[in-house]
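Participant: from the sequence below, what's the structure:
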Amino acid sequence: MSRTLVGLLSILWLCWCLVSNVEAQVEYLKYKDPKQPVAARVKDLLDRMTLEEKIGQMVQIDRSVANADVMKTNFIGSVLSGGGSEPLPEATAKDWVDMINEFQKGDPELAQKIGAATALEVRATGIPYVFAPCIAVCRDPRWGRCYESYSEDHKIVRKMTKIITGLQGDVPAHYKKGLPYVGGKTKVAACAKHFVGDGGTTKGVNEDNTVIDWHRLMSIHMPAYSDSILKGVSTVMVSYSSWNGVKMHANRDLVTGFLKKTLKFKGFVISDWQGIDKITTPPGSNYSYSVQASIEAGVDMVMVPYIFSEFIQDLTLLVKNKIITMDRIDDAVGRILFVKFTMGLFENPLADYSLVNQLGSQEHRNLAREAVRKSLVLLKNGKNGSPPLLPLPKKTSKILVAGTHADNLGYQCGGWTIKWQGFTGNNGTSGTTILSAIKSAVDPSTQVFFQENPDSGYLKLNNFEYAIVVVGEPPYAETAGDSTTLTLADPSPTIINKVCGTMKCAVIIISGRPVVIEPYISSIDALVAAWLPGTEGQGVTDVLFGDYGFTGKLARTWFKSVDQLPMNVGDPHYDPLYPFGFGLKTKSVKGLVENSTSAALDGRACIFTIIVTVIVSLCLTGMLSTIYESSWKLVVARELT
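Facilitator: Numbering: from 1, shown residues only. From the prediction side, this is the model:
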């Protein structure tokens with residue numbers, strides 16, 4: 001998803017704005033009758049709609065160009081909020097609800113319901129649709145979106161499609177395969193993305209070409225889509241990338257032929273942000289062709305998102321000139337309406353404030369904290385035959401905390417948080433930094449000293465018992481995160497070498513993927529992959545100081561050198577620093593036993609840590625940032641069979 005989404009979440013209002021002869025009807029309207037089958041309601045409404053109304057349903061625009069008049073005049077079917085595109089600075093949940101309801105006033109009787117949500121935090125803002133889950137199989141960590149992927153292993157990605165049932169609800173028994181399903185006001189329509197092969201581009205270049213034969217496309221990148229459809233996923237987003245040189249936004253064989261016909265997907269297909277523009281090189285150079293190619297390929301809803309009038313004009317002319325058939329338009333709009341009827345948007349078009357006070361509840365913070373501690377992977381514990389360093393003692397004379405990421409919530413959260421590219425510092429959201437968590441975790445008599453980049457004299461003079469060094473990647477999203485080197489930026493390597501060369505040290509890596517760490521391994525006593533722990537830094541200290549044991553395992557191969565890439569488990573040249581599935585364990589010093597929750601295992605296999613992003617972990621704005629980024633940006637424990 002390019003350039004947008006408020007923080008981590010794709011926010012959409014599936015807006016219904018028909019104001020023509022439909023609203024003037026006084027006879028019985030079958031489409032308004034919730035007792036009628038959805039298919040019958042869709043057909044009835046389609047028969048009443050004009051071409052302009054149908055094309056309007058196929059358009060998705062950004063919040064910044066939307067208002068009640070625009071919605072009403074153009075019959076716009078969907079609105080999204082781009083990264084940082086909020087109704088007010090530091091907007092509250094009430095502000096979001098008010099904004100959404102203002103859009104709906106274009107035609108309140110026929111407007112869709114805004115309110116189905118994945119979690120109470122999302123529902124509180126009136127949002128019924130999320131661009132999640134990302135079911136890409138990241139085969140090269142140089143890809144800037146690798147942290148949005150669950151794993152390099154398609155088997156884990158397939159298992160993680162279970163999150164769709166959390167977003168949408170469990171599909172009822174005997175539900176027809178391929179039909180979208182949303183189970184009530186506390187659920188949202190989900191979106192499986194990015195169809196297909198986005199995680200396999202050459203050298204991990206974002207939006208580039210995936211060169212792979214049919215068998216490997218089907219066996220690695222396609223299985224999670226089949227699983228998602230079985231779980232009733234409502235929408236599928238098309239990838240910017242190409243498969244063997246053919247842009248996915250124009251690939252009729254895969255979008256219509258395989259996804260819709262072979263896999264029997266009955267929901268709607270949505271483009272990525274300005275995705276159809278990029279069918280041509282340079283983007284937008286032949287826009288009318290791009291409109292035609294994408295609609296004929298099977299894209300049902302187009303994320304314009306700003307200059308929507310040009311899209312509406314071009315598509316209208318293509319239909320009137322019989323280049324695109326009315327059957328294709330009816331198929332697209334029928335799919336969109338089916339999702340909207342399934343969500344109950346016609347019966348309940350407006351959002352309310354009933355869940356506003358649920359944001360940032362302690363229960364949800366506790367869930368986030370649990371998710372963080374289960375996501376951490378212990379890669380090293382002890383050196384040169386010495387005893388393990390972890391768990392660290394809470395009671396000692398004085399300890400040092402160092403590193404660029406020790407006291408920075410923005411770094412902990414990563415990209416897609418508050419803003420598209422994330423933020424830096426502690427003012428963008430509320431939460432607990434790792435430094436603050438350390439201070440809270442240790443004994444009151446223990447002195448905690450923080451120096452981001454201490455000099456050698458400071459290190460030698462203060463006689464610290466041990467040091468905790470927190471370093472990693474800065475926030476990034478999409479192409480901005482593409483990296484050919486995957487190295488830690490200065491001064492992180494210097495900090496590791498200075499501190500760990502002077503005293504016992506535990507190094508915590510905050511990153512969305514494996515990074516180059518081999519040159520520093522010998523000097524490090526304990527090494528922890530913390531991924532992107534979000535706002536709940538206490539989840540890190542829970543295991544660091546032994547209140548809970550380390551249990552996480554790598555869902556990605558940790559390479560020695562970027563020269564080895566791409567390198568995935570099972571490859572002939574497989575020679576990792578830490579292999580897929582690796583992870584040391586520790587026991588709780590208190591003998592605590594963690595309860596099994598939605599992220600726990602049945603004990604039959606290893607726990608794998610999966611980075612789950614771009615989902616309802618979103619911090620909409622500063623005021624809403626108390627919700628739990630980390631609980632979804634986490635690395636969720638799963639078994640591998």
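Participant: list phi and psi for A467.
Facilitator: phi -130, psi 150 (degrees, to the nearest 10).
Participant: how far away is it from P393?
Facilitator: Separation of A467 from P393 (Cβ to Cβ, to the nearest Å) stands at 13 Å. In this view, the C-beta of every residue, glycine as well, is placed from N, C-alpha and C.
Participant: these two: who's more crowded?
Facilitator: Taking other Cβ atoms under 10 Å, A467 and P393 do not tie; A467 has more neighbours (25 against 15).
Participant: the more buried one and N366: what is the separation?
Facilitator: A467 is 29 Å from N366, by Cβ to Cβ.
Participant: got it, and A406?
Facilitator: For A406, the distance to N366 equals 23 Å [Cβ to Cβ].
Participant: which of the two has more neighbours?
Facilitator: Per other Cβ under 10 Å, whichever of A406 and N366 has more neighbours is A406, with 26 against 15.
Participant: so that one touches F450, yeah?
Facilitator: Yes: here A406 lies in contact with F450, judged by Cβ atoms under 8 Å, at a distance of 6.6 Å.
Participant: tell me the residues that contact both of those two, please.
Facilitator: Residues touching both A406 and F450 by Cβ atoms under 8 Å, 6 or more residues apart in numbering: L435.
Participant: quick check: domain ranges of the protein?
Facilitator: Domain assignment for the chain, taken from the TED database, gives 57-78+107-326, 362-564.
Participant: mind putting the ones you listed in a markdown table, distance to N348 included?
Facilitator: A markdown table is the format used below for the domains of the chain (distance: least, Cβ to Cβ, whole Å):
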| stretch | distance to N348 |
| --- | --- |
| domain 57-78+107-326 | 4 |
| domain 362-564 | 24 |
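Participant: mean pLDDT lowest for which of those domains?
Facilitator: Out of those, domain 57-78+107-326 stands lowest, with a mean of 90 (criterion: mean pLDDT).
Participant: ends of it, how far apart?
Facilitator: Length of domain 57-78+107-326, first residue to last, Cα to Cα, to the nearest Å: 14 Å.
Participant: any idea how far that domain is from the chain center?
Facilitator: On the basis of Cα atoms, centre = their mean, to the nearest Å, the separation between the geometric centre of domain 57-78+107-326 and that of its chain is 14 Å.
Participant: and L345, which of the domains of the chain is closest to it?
Facilitator: Closest to L345 of the domains of the chain, according to Cβ to Cβ: domain 57-78+107-326, at 2.6 Å.
Participant: and G549, backbone torsions?
Facilitator: Torsion angles, degrees, to the nearest 10, at G549: phi -90, psi 160.
Participant: for it, grab the count of nearby residues.
Facilitator: G549 is flanked by 21 other residues according to other Cβ under 10 Å.
Participant: and for E53?
Facilitator: Neighbour tally, E53, other Cβ under 10 Å: 22.
Participant: do V515 as well
Facilitator: The burial count for V515: 23, using other Cβ under 10 Å.
Participant: what residues does it make contact with?
Facilitator: So V515 contacts 472-473, 486-488, 509 (Cβ under 8 Å, 6+ apart).
Participant: switch to 6 Å and redo it
Facilitator: Shown in contact with V515 (Cβ atoms under 6 Å, 6 or more residues apart in numbering): 486, 488.
Participant: which SS class is it?
Facilitator: Secondary structure state of V515, per DSSP: H, G, I helix; E, B strand; the rest coil, is coil.
Participant: any idea how far T325 is from it?
Facilitator: 51 Å.
Participant: likewise for T281?
Facilitator: Distance, T281 to T325, by Cβ to Cβ: 28 Å.
Participant: of these two, which one has the most company?
Facilitator: Between T281 and T325, counting by other Cβ under 10 Å, T325 is the more crowded of the two (13 against 9).
Participant: tell me where the stretch 351-500 of the chain has strands.
Facilitator: For the stretch 351-500 of the chain, strands defined by DSSP state E, counting those that start in this stretch occupy the ranges 377-381, 398-402, 447-451, 467-472.
Participant: determine which of the ones you listed approaches I312 most closely.
Facilitator: With respect to I312, and counting by Cβ to Cβ, the nearest of these is strand 467-472 at 44.8 Å.
Participant: re earlier: any idea which of the strands of the stretch 351-500 of the chain is most buried?
Facilitator: Of all the strands of the stretch 351-500 of the chain, strand 467-472 carries the top mean neighbour count, a mean of 26, counting by mean count of other Cβ atoms under 10 Å.
Participant: give me the residues contacting that strand.
Facilitator: With Cβ under 6 Å, 6+ apart as the contact definition, strand 467-472 has outside contacts at 400-406, 434, 488, 492, 496, 499, 503, 505-511.
Participant: and it with strand 398-402, angle?
Facilitator: Orientation check (axes from the mean of the first three to the mean of the last three Cα atoms, to 10 degrees): strand 467-472 against strand 398-402 gives 10 degrees.
Participant: tilt between strand 467-472 and strand 447-451?
Facilitator: Going by the same axes, to 10 degrees, strand 467-472 makes 40 degrees with strand 447-451.
Participant: quickly run through the sheet partners of strand 467-472, with directions.
Facilitator: Strand pairing for strand 467-472, determined by DSSP bridges: strand 398-402 (parallel), strand 505-510 (parallel).
Participant: how far out from the middle of the chain is it?
Facilitator: Relative to the centre of its chain, strand 467-472 is centred 26 Å away, using Cα atoms, centre = their mean.
Participant: ditto for stretch 72-80
Facilitator: The answer for stretch 72-80 is 25 Å, by Cα atoms, centre = their mean.
Participant: end to end on it, go ahead and measure it.
Facilitator: Taking Cα to Cα, stretch 72-80 runs 16 Å from one end to the other.
Participant: ok, stretch 281-301 next?
Facilitator: One end of stretch 281-301 to the other measures 22 Å (Cα to Cα).
Participant: okay, buried residues for that stretch please.
Facilitator: For stretch 281-301, burial by neighbour count (16 or more other Cβ atoms under 10 Å) applies to 287, 290-301.
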